[in-house]
Every structure is written in structure tokens, then in C-alpha cells.
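> One predicted model, sequence on top.
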Amino acid sequence: MRKPSLLFKSCLAFGLATGAVTPALAVYNQTVIIDTGTQEEIPGGSLTFELPDGSIAPVEEDDDGSLAIVFPGDRSVPGTLIVALPGQPPRRISVPQVPPGSDLVIDLPRNIARAVPRDPSSTPRDTDKPHVTLRLLGGYGDSHVPDVGAGTLIFGNGEDFAAETDDRVSGPVGGGSASFPLFRGLGHLGFIYSKGDDRAGNSTPAGGNIDTGIVFTDFAPSGSTGLFLGNAGLDTSIARDVESFSIGGGYRHPLDREGVFGAGVSVFYSATQTDVSASVSSSTFGNDITADYTQSLDDNRFTIFLSLDYDGSQAVEEGFFVTAGGGVGLDFYDTELESRQDVVCNLCGAPDNAFTILVDDSRDGTSFTARGFAGIGFKLGGNLAISLNGFVEHRDKVAQIVNPRTGDDLFVRNQPTAIGFDSGTTYGGFVLVTIRLE
């Protein structure tokens, strides 16, 4: 395209002053570029824009000399641009509707108008204005937390845990963030906190056709792998508490002039602590045979995350909007386990009559995570918005506490209590309040 030039810098003011255009309530400015077909500006002239209903929309000049049609709605509409040049009859040029993020280019030599997508790096955006945006969120999440088991039931075809937690933990989620102009986009810092718990239990009565037992978390001092109690019955209870905290920051670069579409990179540190307490006993033997578990799993991760998103709130001053996005990340994890099992067997001989088994384990490595979110919100005008959002996250390695399920786990497979990994998905929803501080 030939180099465009701006004209009417003097006569435009004259046209406005003499009533060549009629002022209207302006909420949307459409940039106009005049392509004269030469490298020079044309002095003199005036512009008016005729709306479909016959009314006139103002054409105004900014301080930098650029021209804009001021539409009375929240977007441009098709119409007719009337161009008056010195010594020439007025030209009437049909103008199409111009989508957001595009300029209206008037080709004077051919008397045509067309919409041309704007180069995002060539014009200032709203994100260039000094401001800080605060976001506060509160909601509920359902997290994938691999199950934990204790106690043993012995059937004719094998053995299994007497009690085992579910592989999900639910609880409240809260957090906040702050964003601010950085380079040509936005920088952001934030944190998220969540907490949840669950319980599991089983009571197998004595005298039935199910035998019971207690498998140790590692070999006993005598080398034994557990206690066989026959059909004496078994009472097992497990309590699990999960607490997670994440903090980090990143950068979002707009992919269009309004900043509706964006690409981002972020880094954050997250720490998840899982505390498990369990007890196993038999009503037949009372306090003479018991086993108590105290276990703690600390999962620490440093994540690099790449994302794409759509933020419809950037395109509206007031009213409804939608948001959506997602991305993938690489986790660098460092996981540690501390396990304690206190066993009492007053009916056993020394050294197995009372002993404590301590197991420490640690793992580190990398894993992958993927996240997505979507929401609908309402911009209240000014600097306040509220939205309802849903999210989903999948990790290919979620740390877990793996206790021996049967005596063979120790005696045959030599697998005491240890850290394990499982893949799973977390999801939830939250309300987000956005406050912009100018």
C-alpha cells in the first residue's frame, strides 16, 4: 500500500467550528487514515460522516494530528464519508463497518474505503497507562490427592486395605494478584491458598469369615512383616489433611491492540503438605495389639508455565464479557516423606512387643501440568468487575504416600512405605473481583 498521509489539519478545525459536523455522545472512536496516493499531505478540506439514519457523527482531530470518527454507540457502523477538497465537488465514499483493532483507510484516488488490521506495536494501548489492577478470588476446589490405606483384610483370594481414603480432597480456595504495566504488556504477582481434609474408616466384626491383620510399614526388629489376627475383627480409622500454597509472577503480552488476546509466561513456587494419622486395633485384643501411623508428605514444586488467553473485559467499558485460556507447564519437584508407625503387641515376645518404625524417603524430578479456565463476568463501569470462573488442571505426577498393602509387599517385593506418583485432575470454581487503581 502506498504511504498514507494525514490531511485537513487546518480546515478540519474550521469545519467543526462552522457546524460542518454535529456533535454526538461519543463512546467509540474509529481512527481514519487518508491515503492520498502521494507522499505529501493535501492542505485544506473537511470531513463529515453520515450515519445510516441520516444523522452526522463527528470527525475529530487528536493532538497528534490523527483523525477519528466519533460514533454514538460502542462500535463503528457502516455509513458514508463526505470528503470536501478545495476546488472539487464533495466526494461520497461508502464506508464498511470496521472491526475493533483495525483502522479505516480512505483511498482517495480510487474513492474507496477499507478496514486494515492495525499493527499492535504501532499504537498505544490501554495497558500503557500507569495503573495497578487488583484481583481477589474465593471459591471451592476438588483436588486429586492419591489414596492412603491402613490395616489389612484377608480374603480367600488375596489381601486388601481395611480402610482407604478416596483419591480426592475438597475444600475452599482463596487468593489474590496484582498486575501492572511492564514493557508493552502486563506484569503480575499473586498467590493461591487451598485447604481440605477427608476421613476413612472400617470396622470388621470378630467371628466372621474375614481374617484380619496389621502390615508393618517396614520390617519389624525381628524381621517380621506384620501381625496375623485371624477373625478377631479389626477397627481402622484414617484422617488426612491437605494444605497447599502457591506464589509467583509472570508477564502477559497482548496480541492485539485492545489486549483481548494475550500470550504469557509465568513462574511460581508451590508447596503442598499432606498429613496422615491412622490407627488400627482389634476389639478382641484391646490395647494389647495396636498400630498408630503418623505420616507427612511435603511436595515442593517450581513451575515454568506458558499460556494463551482471551480477556473480553478489555473490549468493553460496561456490561457482560467472557474470558478463557489455558497452557502447559514444566514442574521441577522435590518431595519428602516422613513416616512413623508405633506398634504394640503385648502378646508378642521381645523385641516385637513394642517398637517404632521410621521411614524417610525423598524424590526429585520433572513432570508436566496442563491448565484451562473459562468465565463470564460483568463490568460495572469505572474500575470494578466481577466474574464467575471454572478451572481444570491435570498433572502427570501427583505425589502420594504408598503403604504396604500386604505382607508380600515387604517379604517378596521389598517395598516398605515410600513416595509414589499418580496422574490426576483437579477442578473447581471461584468468584473473581477485579479492581483497577488508576
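Alright, I've got the coordinates.
> helix, strand or coil for the most far-flung residue of the chain relative to its centre?
Residue farthest from the centre of the chain, counting by C-alpha atoms, centre = their mean, is residue 87 at 60.9 Å. Reducing the assignment at residue 87 to three states with DSSP: H, G, I helix; E, B strand; the rest coil gives coil.
> Quick check: phi and psi on it?
phi 80, psi 10 (degrees, to the nearest 10).
> ditto for residue 314
Residue torsions, per degrees, to the nearest 10, at residue 314 are phi -70, psi -20.
> wait, isn't it in contact with residue 257?
No - the criterion here is C-beta atoms under 8 Å, and residue 314 misses it with residue 257 at 9.8 Å. To be clear about C-beta, it is placed using only N, CA and C from the backbone, and glycine gets the same treatment.
> Would you tell me what the next helix or strand after the lowest-mean-pLDDT helix or strand in the chain is?
Using mean pLDDT, DSSP states H and E, helix 11-17 stands out as the lowest-scoring helix or strand of the chain, at a mean of 29. As assigned by DSSP states H and E, the chain's next helix or strand after helix 11-17 is strand 28-35.
> Give the other helices and strands that the following helix or strand past that next one contacts.
Remark: after strand 28-35, the chain's next helix or strand is strand 46-50, criterion DSSP H and E. In terms of contacts (3 or more C-beta pairs under 8 Å, 6 or more residues apart in numbering; DSSP states H and E), strand 46-50 is packed against helix 11-17, strand 56-57, strand 59-61, strand 79-84.
> What angle do strand 79-84 and strand 46-50 make with each other?
Relative orientation of strand 46-50 with respect to strand 79-84: 160 degrees, computed using axes from the mean of the first three to the mean of the last three C-alpha atoms, to 10 degrees.
> What residues sit buried inside strand 46-50?
By 16 or more other C-beta atoms under 10 Å, the buried positions in strand 46-50 come out as 46, 47, 48, 49, 50.
> between these, which is nearest residue 176?
Using C-beta to C-beta, residue 49 comes nearest to residue 176 of these, at 44.9 Å.
> is the closest one in a bridge, and if so with what?
Bridge pairing for residue 49 (DSSP bridges) gives the partners residue 57, residue 81.
> That one touches residue 78, doesn't it?
No - using C-beta under 8 Å, residue 49 and residue 78 do not qualify as a contacting pair, with a distance of 10.5 Å.
> Nearest to residue 421 among the buried residues of strand 46-50?
Top of the list for closeness to residue 421, among the buried residues of strand 46-50 and by C-beta to C-beta, is residue 49 at 64.0 Å.
> What score does that closest one have for pLDDT?
Residue 49 is assigned a pLDDT of 89 by the prediction.
> joint contacts of residue 49 and residue 78?
Here residue 49 and residue 78 share the contacting residues residue 95, scored by C-beta atoms under 8 Å, 6 or more residues apart in numbering.
> Tell me where this structure has helices.
11-17, 407-411 (DSSP state H).
> What lies in contact with the shortest one?
Contacts to helix 407-411, defined as C-beta under 8 Å, 6+ apart, come from residues 159, 213, 215, 216, 218, 219, 225, 226, 404, 415, 416.
> All set, thanks.
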